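1. just the structure for this:
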Amino acid sequence: MEGIFAFYWIRKYYPDAVCSSKKLPGTGRPVLWTGQEDVSGHLVVLEGKDLQAIGGYYKNTVFVCPSEKEFLSVHQNAVIFLKEQAGLAAVMNKVLEIWDLYEEWIKKLDQAVNRQHSYTALIESCSSLVEDPLALLDKQFRYVGYSKNLACENGYEEKYVDPQMYLPLEDINYLKAMPDFKKLEKIQETFQYICIENILHKNVYSKQEYIGRMAIPSSSDPVKEEYYRCILTISARYIELLYQKLGTFHMRKPSDSRWKQIIARLLEGREAEPDILDRVLENLGYSQNDQFYLLQFRSRLPQQENMLGESLAGNMETMWPGTACLVYPNRILALVNYTRYQKATGKTFTQELAYFLRESLLSAGISRCFRSLSFMRAAEKQTEIALETGLLLDSTYWYFRFDDYAYWHLLHRGCGDFLPEQICSPILLVLQEYDARQHTELNKTLCVYMKHQYNALSAARELCVARSTFLKRMERIHKLTGLNLEDWGQRVYLEVSYELYRFQNAESKRENP
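-> Residues are numbered from 1 along each chain as shown. So this is what the prediction gives:
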């Protein structure tokens, strides 16, 4: 039994008890001092006069002395003084109760690992030993388990557990923004971290890799603080043993795993076996007429790209019915059954999405709506195009729909490896050269004229010139280029050329802000 465990509970029975040492070793079963046997490695209950007569040092031994007058006695071993007169038999019985309590706890930890295979049982075995809620979170801030009754009684559940069993998203974002938070994953011993709350932590590892963290509120009482450190340290060892057996903190339903495997297969361009796909869709309650969107999420803060993971994916899956997320390095893909979402919520998806993106500092690219899952690979490409083009043209937006940028992409692909001046209409190039030499605005005049659908009066107003001046400019353009606006093909060529130049200008501004 850990010495601090014994001292903490002795103080429960004898509140004035003190200890002569700050460090208490682990000891064996409690014994009553008789003056004959070797008591090394035990928790020894004895009278004050016997303590004075004992000399030397006993390895891994702690003495419990129910006497106040010997409080100032000095001994090489740690001594717990009760500071009050008490019968040895009564003290021995209390110490044996503490031993049984410890043994029962270790037994429950062992059963949780080897019989129940349950993190919840492991956490609950600690609940009767602490006054504050103990919690286990994975590395994505999802609760594996926590002391539910204590959390409710102390107000922690309402404040720090969201409906999806995650730490609230605003707290997650706050912690991720702390410059030293990532470094905490390397701390082996228990540690105190004051941020949202003053909390004691113990990291949990698997094959030397950080997988999660135990946490309990810190205490201003140094004895209670050390006791809580003891509880965390012992519990963490059993959690690591259970993780070795299960290989995970969260066991998914088989149907969920199969659905995500199918999505991943389709994204790779491979076909899904029709019978298996039909069976999985049937189990999910999906129909062939359901509408889907694919979304891709990326962080707006490059230094936090590695923070994209299961916590965000889990939030999406629980917030948005009909959503399945796949987590990749630096991005998340989410397949949303829009039909299921609308039936379940009745909300406008893009409004909910915008709020989520703002809170999480993310950007999202949204594919075109589709029904056939064979469209998946193309949808992924659409999300990439939407993100890349949207961030280029509308960097202040939070999400980008492919349908809003498909035209721009078509223009960009149409240009191929050519620069705009190498492929655009020669009429536009002639006007650019003339304007550069003569300091005129013929090129702008033609562009505005086309934008206003060849309405001379509207174009003249935008250019802030008289209609007669505008007409003279158009006459000059005809003479210089031979422009024939009756030719449909020439008009389309010119309009596409102007769009290509506009796209190039937007790209240049992004690269050279």
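
2. buried stuff in stretch 395-402?
-> Neighbour counts over stretch 395-402 (16 or more other CB atoms under 10 Å) mark 398-402 as buried. Bear in mind the C-beta positions are built from the backbone N, C-alpha and C, glycine included.

3. quick one: terminal-to-terminal distance for it?
-> Terminal residues of stretch 395-402 lie 15 Å apart, using CA to CA, to the nearest Å.

4. follow-up on the earlier one: I'd like to know which of the buried residues of stretch 395-402 are part of strands.
-> 399-401 (DSSP state E).

5. any idea which of those is closest to residue 353?
-> Minimum distance to residue 353 across these is 5.8 Å, recorded for residue 399 (CB to CB).

6. the closest one reaches residue 356, doesn't it?
-> No - with contact defined as CB atoms under 8 Å, residue 399 does not reach residue 356; the gap is 9.6 Å.

7. so how far is residue 328 from residue 368?
-> 21 Å (CB to CB, to the nearest Å).

8. now residue 10
-> Taking CB to CB as the measure, residue 10 falls 54 Å from residue 328.

9. how about residue 356?
-> For residue 356, the distance to residue 328 - CB to CB - is 19 Å.

10. same check on residue 295?
-> Per CB to CB, residue 295 is found 13 Å from residue 328.

11. what does residue 141 give?
-> 19 Å.

12. ok, the two, which is more surrounded?
-> residue 141 (24 against 12; other CB atoms under 10 Å).

13. surely the more buried one and residue 166 touch.
-> Yes - using CB under 8 Å, residue 141 is in contact with residue 166, at 5.6 Å.

14. which one of the buried residues of stretch 395-402 is nearest to residue 352?
-> residue 399 (10.9 Å).

15. and the closest one, what does it touch?
-> With contact taken as CB atoms under 8 Å, 6 or more residues apart in numbering, residue 399 is in contact with 350, 353-354, 357, 363-366, 390.

16. quick one, strands of the stretch 351-500 of the chain?
-> 362-366, 399-401 (DSSP state E, counting those that start in this stretch).

17. just give the strands next to the last one in its sheet, each with its orientation.
-> This means strand 399-401. strand 362-366 (parallel) (DSSP bridges).

18. who touches the partner strand?
-> Outside strand 362-366, the residues that reach it (CB under 8 Å, 6+ apart) are 293-300, 308, 312, 353, 356-357, 382-388, 390-391, 397-402.

19. what number of residues lie near residue 466?
-> 10.

20. state the phi and psi torsions of it.
-> phi -70, psi 150 (degrees, to the nearest 10).

21. that one and residue 454, how far apart?
-> As for residue 466, its distance to residue 454 is 18 Å (criterion: CB to CB).

22. toward the C-terminus, what is the element adjacent to the lengthiest helix in the chain?
-> For the chain, the longest helix by residue count, based on DSSP state H, is helix 88-114. Later in the chain than helix 88-114, the nearest helix or strand by DSSP states H and E is helix 119-127.

23. list the buried ones in that following helix?
-> 119, 121-126.

24. dump it to CSV, keeping only the CA atoms.
-> Below are the C-alpha coordinates for helix 119-127, written out as CSV (Å, rounded to 0.1, in the frame of the first residue of the first chain):
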residue,chain,number,x,y,z
TYR,A,119,-12.5,1.9,-18.9
THR,A,120,-15.8,2.9,-17.2
ALA,A,121,-15.4,0.3,-14.5
LEU,A,122,-11.8,1.3,-14.0
ILE,A,123,-12.8,5.0,-13.5
GLU,A,124,-15.7,4.1,-11.3
SER,A,125,-13.5,2.0,-9.0
CYS,A,126,-11.8,5.3,-8.1
SER,A,127,-14.9,7.2,-7.4
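
25. average model confidence for that helix?
-> Mean pLDDT, helix 119-127: 92.

26. swap in stretch 18-32?
-> 89.

27. re the thing from before, TSV for the contacts of residue 399, including pLDDT?
-> Output for the contacts of residue 399, formatted as TSV (pLDDT from 0 to 100):
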residue	pLDDT
350	91
353	93
354	92
357	90
363	94
364	95
365	96
366	97
390	91
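
28. can you tell me which of those residues is nearest residue 89?
-> Using CB to CB, residue 357 is the member of these that lies nearest residue 89, at 67.9 Å.

29. which residue packs closest to the closest one, ignoring adjacent ones?
-> Leaving aside its chain neighbours, residue 357 sits nearest to residue 398 (4.1 Å; criterion: CB to CB, 6 or more residues apart in numbering).

30. so how far is residue 389 from the one you found?
-> As judged by CB to CB, residue 398 and residue 389 stand 15 Å apart.

31. then residue 334?
-> For residue 334 relative to residue 389 (CB to CB), the value is 20 Å.

32. could you tell me the end-to-end distance of stretch 455-472?
-> First residue to last in stretch 455-472 (CA to CA) measures 15 Å.

33. pLDDT of it, averaged?
-> Mean predicted confidence for stretch 455-472 is 94.

34. buried sites along it?
-> 459-460, 463, 465, 470.

35. now stretch 261-273
-> Neighbour count says stretch 261-273 has 262-263, 266-267, 272 buried, by 16+ other CB under 10 Å.

36. now for those residues: which two are most distant?
-> Taking CB to CB, no two of the buried residues of stretch 261-273 sit farther apart than 267 and 272, at 10.9 Å.

37. name the next helix or strand downstream of the helix or strand where residue 136 lies, please.
-> Residue 136 is located in strand 135-138, with elements delineated by DSSP H and E. Going down the chain from strand 135-138, the next helix or strand is strand 143-146, by DSSP H and E.

38. what does that following strand contact?
-> With CB under 8 Å, 6+ apart, strand 143-146 has contacts from 119-120, 122-124, 133-138, 157, 161, 165-167, 212, 249-250.

39. can you give me how far that strand is from the chain middle?
-> Relative to its chain's centre, strand 143-146 lies at 15 Å (CA atoms, centre = their mean, to the nearest Å).

40. give the rounded mean pLDDT of that strand.
-> Here the average pLDDT along strand 143-146 is 92.

41. can you check stretch 407-427 too?
-> 76.

42. run through who's touching that stretch.
-> Residues outside stretch 407-427 that contact it (CB under 8 Å, 6+ apart): 385, 389, 393, 429, 446, 481-483, 490, 493-494, 496-497, 499-501, 503-504.

43. if you count neighbours, what's buried in that stretch?
-> Going by neighbour count (16+ other CB under 10 Å), the buried part of stretch 407-427 is 408-409, 411-412, 415, 420, 424-425, 427.

44. could I get it in PDB with only the CA atoms?
-> In PDB, the C-alpha atoms belonging to stretch 407-427 read as follows (Å, rounded to 0.1, in the frame of the first residue of the first chain):
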ATOM      1  CA  TYR A 407     -16.600  28.400 -63.700                       C
ATOM      2  CA  TRP A 408     -13.300  29.800 -62.500                       C
ATOM      3  CA  HIS A 409     -11.800  26.400 -62.500                       C
ATOM      4  CA  LEU A 410     -13.000  25.800 -66.000                       C
ATOM      5  CA  LEU A 411     -11.300  29.000 -67.100                       C
ATOM      6  CA  HIS A 412      -8.100  28.200 -65.300                       C
ATOM      7  CA  ARG A 413      -7.900  24.700 -66.800                       C
ATOM      8  CA  GLY A 414      -8.800  26.200 -70.200                       C
ATOM      9  CA  CYS A 415      -5.700  28.300 -70.000                       C
ATOM     10  CA  GLY A 416      -3.500  25.300 -69.400                       C
ATOM     11  CA  ASP A 417       0.200  26.000 -69.400                       C
ATOM     12  CA  PHE A 418      -0.200  29.200 -71.300                       C
ATOM     13  CA  LEU A 419       0.000  32.700 -69.800                       C
ATOM     14  CA  PRO A 420      -3.200  34.800 -70.500                       C
ATOM     15  CA  GLU A 421      -1.300  36.900 -73.000                       C
ATOM     16  CA  GLN A 422      -0.300  33.800 -74.900                       C
ATOM     17  CA  ILE A 423      -3.800  32.400 -75.400                       C
ATOM     18  CA  CYS A 424      -6.300  35.300 -75.000                       C
ATOM     19  CA  SER A 425      -8.000  37.200 -77.800                       C
ATOM     20  CA  PRO A 426      -5.500  39.300 -79.900                       C
ATOM     21  CA  ILE A 427      -8.000  42.100 -79.800                       C
END
